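Student: okay, here's the prediction I keep looking at, along with the sequence it came from:
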Amino acid sequence: MNKDFTFSIKSIRLDEHYSPAANTRITTNFANLARGEHRQQNLRNALTMIDNSFNALAHWDNPKGERYRVELDIISVDIDVAGSGESFPSIEVLKTTIVDQQTNERIEGIVGNNFSSYVRDYDFSVRLLEHNKDKTGFSVPDNFGELHGKLFKHFVNSKTYQQHFKKPPVICLSVSDSKVYHRTENQHPVLGFEYLANESSLTELYFKQMGLQVRYFMPPNSVAPFALYFFGDLLNDYTNLELISTISTMATFQKIYRPEIYNANAVAGKCYQPKLNNADHSLTQIVYDRVERSQLAKEQGKFAEQHFIKPYQHILEQWSASYA
């Protein structure tokens, strides 16, 4: 049955000349930056922030703080269902490459980082909303996230993935404003202090369906912890430079998109609850439309329903039931 799904991968460099492809999810962080009259300046500023952040964390043998540069590629994964010859854009992630400007060496970084998915938009912006439309309390539909999780695991285990990438993905997200995080004594040289959450969130459960576990760390130079989703052993499966490539990239995006948390003027304490209404924060010089982003998530969820969930419903249900 698994032969019914084939994946294809496209890669495009995210640099100051980047322009989103027609089928790119426009809510994706980098696509939102690359629009409007300030697009080139936005991209240039964001990439400079990433390089500066990387060099600040990789400070050994780096006295001037300019040894490394980070290159980013947008990895778009299309899925072809049941040999129909028609492909549907399933997920988009970022891949980092570290350029050591001292030795001219190119070091493969981490794939994942940012994560966007049309089917996730469908689950959260269409299915979950419809399920709770006329209810008094909030609840989650049966098998919520199951199909998406199986498709993701199938992709990571596929030959296509293994031909392109050496290691499993790591995804780095913002912490949830509905949870309280407690700092532990566990400290990693690059990821910083580990935090523990007081409870699971819906996002966490959704990513668990994808086979991913989560840990929370607040890196040096950061003011709040990040949620890192991964397979295996996060602290031992990846090198310090690989981890820095993820932290520097996603810390930059979060400062732009979640300045109330990640560009706050006060550092998270031992007991921390993020606040999206925190007025004591600074803005970057990068323009970003948050309202538009939430509206587009609904449109993209409906797009997934029309072009993927409904046309292939029977095949998807059969495949999901037989997926081991």
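Tutor: Right, received. Where do you want to start?

Student: so, low pLDDT: which residues of the chain?
Tutor: 1-3, 20-38, 83, 285-294 (pLDDT under 70).

Student: ranges for the strands of it?
Tutor: For the chain, the strands defined by DSSP state E occupy 5-14, 68-81, 87-100, 105-117, 170-174, 181-188, 192-197, 213-218, 226-230, 271-272.

Student: residues near E299, how many?
Tutor: E299 has 12 neighbours, counted by other CB atoms under 10 Å. Every C-beta, even on glycine, is put in place using the N, C-alpha and C of the backbone.

Student: same thing with A266?
Tutor: Using other CB under 10 Å: A266 sits among 10 other residues.

Student: so what's it up against?
Tutor: Shown in contact with A266 (CB atoms under 8 Å, 6 or more residues apart in numbering): V223, D280.

Student: please apply the same query to Q187.
Tutor: By CB under 8 Å, 6+ apart, Q187 lies in contact with F193, E194.

Student: please apply the same query to the one 4 residues further on.
Tutor: L191 makes contacts with F217, P219, L228, L235, L243, I247, as judged by CB under 8 Å, 6+ apart.

Student: same question, K208
Tutor: G149.

Student: separation between it and G149?
Tutor: Remark: distance between K208 and G149 (CB to CB, to the nearest Å) = 8 Å.

Student: and the closest residue to N186 other than its chain neighbours, how many neighbours does it have?
Tutor: The spatial neighbour of N186 that comes closest, neighbours along the chain excluded (CB to CB, 6 or more residues apart in numbering), is E194 at 4.1 Å. With neighbours defined by other CB under 10 Å, the count for E194 comes to 19.

Student: and for H148?
Tutor: 24.

Student: residue nearest the centroid of the protein?
Tutor: Taking CA atoms, centre = their mean, the centroid of the chain lies closest to N114, which sits 2.4 Å from it.

Student: thinking it is in contact with K95, fair?
Tutor: No: N114 lies out of contact with K95 (CB atoms under 8 Å); the separation is 10.1 Å.

Student: identify the contacts common to those two.
Tutor: Joint contacts of N114 and K95 (CB under 8 Å, 6+ apart) do not exist.

Student: buried residues in stretch 99-109?
Tutor: Within stretch 99-109, the residues that count as buried by 16 or more other CB atoms under 10 Å are V99, D100, E108, G109.
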